[in-house]
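Enquirer: The following comprises the amino acid sequence and a computationally predicted model.
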Amino acid sequence: MNAHDRNLGADQARLHYGDGDYAVLKPGRYVLCAVTGQKIPLEQLRYWSAELQEAYAGPAESLKRWQETR
């Protein structure tokens with residue numbers, strides 16, 4: 001996937017989150033944080049839950065969701 005691809009536009013990507021990586025199911029430029037709703041550019045995505053299949057903007061959001069689900 002190239003950042004200069006015109007067909008990606010500003011669309012939300014759809015991903016399948018694995019334990020150490022993710023697979024792109026629908027190309028796009030960003031995903032939404034499951035806690036805040038913030039747009040996360042794919043090149044900045046570092047936190048997600050494979051179990052819950054959701055992305056997080058950062059470690060604080062990831063910890064918050066983990067605490068909510070325990």
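Expert: Perfect, thanks for sending it.
Enquirer: from what I can see residue 38 touches residue 32, true?
Expert: Yes: here residue 38 reaches residue 32: they are 7.0 Å apart, a contact under C-beta atoms under 8 Å. For the C-beta atoms, the positions are set from N, CA and C on the backbone; glycine is no exception.
Enquirer: overlap in contacts of these two?
Expert: Common contacts of residue 38 and residue 32 (C-beta atoms under 8 Å, 6 or more residues apart in numbering): none found.
Enquirer: tell me the helices in this structure, going along the chain?
Expert: Remark: helices assigned in the chain by DSSP state H are 59-69.
Enquirer: got any ranges where it has weak pLDDT?
Expert: 1-10 (pLDDT under 70).
Enquirer: Quick check: the gap between residue 67 and residue 54.
Expert: 15 Å (C-beta to C-beta, to the nearest Å).
Enquirer: Those two: which has the busier surroundings?
Expert: Between residue 67 and residue 54, residue 54 has the larger neighbour count (other C-beta atoms under 10 Å), namely 19 against 8.
Enquirer: Once you drop chain neighbours, what's closest to the more buried one?
Expert: residue 34 (3.6 Å; C-beta to C-beta, 6 or more residues apart in numbering).
Enquirer: For the one you found, give me its contacts.
Expert: With C-beta under 8 Å, 6+ apart, residue 34 has these contacts: 49, 52, 54, 55, 56, 61, 65.
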